[in-house]
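J.: Here is a sequence together with a model predicted from it:
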4 protein chains.
Amino acid sequence: MSEPIKLVAFCGSLRKASFNRLALNAFTQRLPQGTELSTIEIDWPLYNADIQAKGFPAPIGTAQQAVLAADGVVFASPEYNYSVASPLKNAIDWLSRFTPQPFAGKPMATFGASGGVLGTARAQYHLRQVMVFLDGRFVNKPEVMIGQAPTRFSAEGALTDEAAGKLLADLGAALVLACRKAKAAAAVT
Amino acid sequence: MSEPIKLVAFCGSLRKASFNRLALNAFTQRLPQGTELSTIEIDWPLYNADIQAKGFPAPIGTAQQAVLAADGVVFASPEYNYSVASPLKNAIDWLSRFTPQPFAGKPMATFGASGGVLGTARAQYHLRQVMVFLDGRFVNKPEVMIGQAPTRFSAEGALTDEAAGKLLADLGAALVLACRKAKAAAAVT
Amino acid sequence: MSEPIKLVAFCGSLRKASFNRLALNAFTQRLPQGTELSTIEIDWPLYNADIQAKGFPAPIGTAQQAVLAADGVVFASPEYNYSVASPLKNAIDWLSRFTPQPFAGKPMATFGASGGVLGTARAQYHLRQVMVFLDGRFVNKPEVMIGQAPTRFSAEGALTDEAAGKLLADLGAALVLACRKAKAAAAVT
Amino acid sequence: MSEPIKLVAFCGSLRKASFNRLALNAFTQRLPQGTELSTIEIDWPLYNADIQAKGFPAPIGTAQQAVLAADGVVFASPEYNYSVASPLKNAIDWLSRFTPQPFAGKPMATFGASGGVLGTARAQYHLRQVMVFLDGRFVNKPEVMIGQAPTRFSAEGALTDEAAGKLLADLGAALVLACRKAKAAAAVT
């Protein structure tokens, strides 16, 4: 039997009632058996190299270790002003400053929820470009853009849209497969 | 004689010795006569809609008023991880939540400095896309991407690269012209 | 009374029954009174600098003159593979090689129709980046992305979606206003 | 001993003396031993669904088969007007219409040469977005952007810039490694 796949997840919105957090919950519930996911909270200071020079704040170092230890990374990515939400970009900017840089070589996946029709598409493409630099390995398919989010969750926060649920499940499966493939290919150098 | 043009500027890096701040100084020194520029400091909390619900932090409200009162807006834009620096994105995310949204209809310009060859080009294109949503009116030309920044400033922080200085001067002139044109065209509705 | 505004339009798809051509028809029908629009056909050879060296094909030279003579430019922009449709990109690549380069300084607008949900959004953002280089002046608002296009036109090719029709009318008005503003501001130098 | 890796390559410029073709030559010369590369010529008609409806032109069908049979794909990508060169986009638009779509799942790499400083960076990011849709698997590193191309090749067309040559060699090695990893991981489903 294959060993469990360990994922870490970031939710790009700090708002307690965020639709992206609800979508992350829905994603987590639909992961293949044998998958573990833990969420990294990112209410950190704004990135400032002068702070870094005095030492990374402790929770950021903990987050680096968690990403390094993970098989794959998940980003619940809101869209703010047609690009990556600042809390998520800030977390990435901090983590990118470590050696080893923890995203390098990691399989990863993103999805997002928004009130508009495009469902965070623009933010996701910017995030993909960010990860070219950091050598993250996004799965291409499926893309999950949950538009008109308020109509797709119940008052209790459960995802009620079946099509979106299926896409999240497929994305989880694709990410886990990418993690297993990366393990299988690790010996090829 | 024409009345003065008032600009507000954002420096996307919080680092005291930031090359982008030096570039902003160089830009400011080369502005056409009759131009005023004031810088808005952006060491703000990370954007969080739950904080906003309790009221915008005071400096952010002051910043909104300053942008609203300005004829044009300037962004000294670092590039972090192939996209907009998180402190700058965070400032924009906060300001975008006001009514009136202060960037709407404003002529604006961006430039940036980085250690690499591309000189923040990737961040600038993302910033341009952000401003499609917020209806900012970027001048297209000249684009100013100051690559290999450590070689282009003196130990005292003065820009020593003549070509970059000329580009910054041209960009300032282009922005001021765009502001004057916007004023002249304001009566056309 | 103000003089008429002259627009030229490109339809990025060569397909006779293209939804983007239907959308262009719908856009044209909703233009403000006193606006003239002529369409430039772009079934040209693939761009090749070796062909250019022997002389621009005649229809391309005619197109350059038409763009130069226009007050504004319209792009009905399909999305092929998440970017600008090759026939439209090809037309722009050819026209960009002229001196004077005809798009420089022109107010312009884009919209598009596609079968998917995003309605050519990705292509439109790439097109906007293209025009940073060519100094085209896109209006920011409204953005018109007609998704699920087959459900929005009648069998005879008429736009039946009222919301999309209103957006196209608003975009035409915004473009004509931008053209009038550009004329009013032309004396400011 | 491992079996040879078969690559197909596209040169995005049709110009005979194209710097991108020279860069492709330089890339080919620096491939790891045991790698075969064949170039697909793309002087095809402009994409038109009405032509497709009558049957794909023969060379395009041949190209589809060649891509399907390859282990990996190479794009020598010029930048035209801040985006993908129209001949290359056109080739991709044609090939994307086949079932099976030949780029799906293929490891791929891109590089480019231009006269400017950015060395086709903008085109490469657009190309990366195109391949999200087509499920191409670009290696992230190294990125190879050969700026100021006329200074980097001899009169006979040989690459004379050692740093660029090293980057091309590293990119070839990275692509071949990605192909070998994909083979090793193919059994994981």
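T.: Perfect, I can see it now. Residues are numbered from 1 along each chain as shown, chains lettered A, B, ... in the order given.

J.: If we go by neighbour counts, what in stretch A:117-128 is buried?
T.: Neighbour counts over stretch A:117-128 (16 or more other CB atoms under 10 Å in any protein chain shown) mark A:118-128 as buried. Quick note: C-beta positions are derived from backbone N, CA and C, even for glycine.

J.: Now it: average pLDDT?
T.: In this model, stretch A:117-128 has a mean pLDDT of 96.

J.: List just the nearest of the buried residues of stretch A:117-128 to residue D:47.
T.: Residue D:47 lies nearest to residue A:125 out of the buried residues of stretch A:117-128, by CB to CB, at 22.8 Å.

J.: Could you report the distance from the closest one to residue C:28?
T.: Distance of residue A:125 to residue C:28, computed by CB to CB, to the nearest Å: 31 Å.

J.: neighbouring contacts of stretch A:124-138?
T.: Stretch A:124-138 has contacts (CB atoms under 8 Å, 6 or more residues apart in numbering or on different chains) with A:73, A:75, A:77, A:79, A:83-84, A:88-89, A:92, A:96, A:101, A:103-112, A:143, A:145, A:178, A:182, B:81-83, B:122, B:126, B:129, C:122, D:125, D:128-129, D:132, D:140-141, D:143.

J.: Quick one: buried ones out of those?
T.: A:73, A:75, A:77, A:79, A:83-84, A:88-89, A:92, A:96, A:101, A:103-104, A:106-112, A:143, A:145, A:178, A:182, B:81-83, B:122, B:126, B:129, C:122, D:125, D:128-129, D:132, D:140, D:143.

J.: got the residue ranges for the helices in chain A?
T.: Counting by DSSP state H, chain A has helices at residues A:19-29, A:49-54, A:58-69, A:86-95, A:121-134, A:162-185.

J.: Just name the most buried of these.
T.: helix A:86-95 (a mean of 27; mean count of other CB atoms under 10 Å in any protein chain shown).

J.: Tell me the residue in chain A that is farthest from the middle.
T.: residue A:54 (28.1 Å; CA atoms, centre = their mean).

J.: rewinding a little: same list (the helices of chain A) but as JSON lines, adding distance to residue B:10.
T.: Output for the helices of chain A, formatted as JSON lines (distance: least, CB to CB, whole Å):
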{"stretch": "helix A:19-29", "distance to residue B:10": "26"}
{"stretch": "helix A:49-54", "distance to residue B:10": "17"}
{"stretch": "helix A:58-69", "distance to residue B:10": "25"}
{"stretch": "helix A:86-95", "distance to residue B:10": "13"}
{"stretch": "helix A:121-134", "distance to residue B:10": "19"}
{"stretch": "helix A:162-185", "distance to residue B:10": "36"}
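
J.: which one of these lies closest to residue C:186?
T.: helix A:121-134 (33.7 Å).

J.: Helix C:121-134 and the closest one, what's the angle between them?
T.: Relative orientation of helix A:121-134 and helix C:121-134, computed by axes from the mean of the first three to the mean of the last three CA atoms, to 10 degrees: 70 degrees.

J.: what's the angle from helix A:121-134 to helix B:86-95?
T.: Using the same axes, to 10 degrees: helix A:121-134 against helix B:86-95 is 170 degrees.

J.: closest to residue A:7 out of the helices of chain A?
T.: Nearest to residue A:7 among the helices of chain A is helix A:162-185; the distance by CB to CB comes to 7.2 Å.

J.: The closest one close to chain C?
T.: No - legend: contact between helix A:162-185 and chain C by CB under 8 Å from any CB of the partner chain is lacking; minimum distance shown is 11.1 Å.

J.: Mind giving me the packing neighbours of that helix?
T.: The contact analysis (3 or more CB pairs under 8 Å, 6 or more residues apart in numbering or on different chains; DSSP states H and E) places helix A:162-185 against strand A:5-11, helix A:19-29, strand A:72-76, strand A:107-113, strand A:144-146, helix D:162-185.

J.: For those, could you give me CSV that also reports distance to residue D:151?
T.: Listed next are the helices and strands packed on helix A:162-185 as CSV, based on distance: least, CB to CB, whole Å:
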stretch, distance to residue D:151
strand A:5-11, 43
helix A:19-29, 48
strand A:72-76, 40
strand A:107-113, 38
strand A:144-146, 44
helix D:162-185, 11
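
J.: would you turn the ones you listed into a markdown table with distance to residue C:3 and mean pLDDT?
T.: Below are these laid out as a markdown table (distance: least, CB to CB, whole Å; pLDDT from 0 to 100):
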| stretch | distance to residue C:3 | mean pLDDT |
| --- | --- | --- |
| strand A:5-11 | 55 | 98 |
| helix A:19-29 | 50 | 98 |
| strand A:72-76 | 52 | 98 |
| strand A:107-113 | 47 | 98 |
| strand A:144-146 | 44 | 97 |
| helix D:162-185 | 54 | 98 |
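
J.: out of everything not next to it in sequence, what's closest to the most centrally placed residue in chain A?
T.: A centroid search over chain A (CA atoms, centre = their mean) returns residue A:75, at 1.3 Å, as the residue closest to the centre. Nearest-residue entry for residue A:75: residue A:110, 4.3 Å, with adjacent residues in sequence omitted and distances by CB to CB, 6 or more residues apart in numbering or on different chains.

J.: so that neighbour touches residue A:72, yeah?
T.: No - using CB atoms under 8 Å, residue A:110 is not in contact with residue A:72, being 11.5 Å away.

J.: Next, count neighbours for the residue nearest to residue A:91 when sequence neighbours are not counted.
T.: With CB to CB, 6+ apart as the measure, residue A:42 is the residue that lies nearest to residue A:91, at 4.0 Å, once sequence neighbours are left out. Number of residues near residue A:42 (other CB atoms under 10 Å in any protein chain shown) recorded here: 21.

J.: Write down the beta-bridge partners of the closest residue to residue A:108 other than its chain neighbours, one by one.
T.: Nearest residue to residue A:108, sequence neighbours excluded (CB to CB, 6+ apart): residue A:73, at 4.2 Å. In this entry, residue A:73 is beta-bridged to residue A:8, residue A:108, by DSSP bridges.
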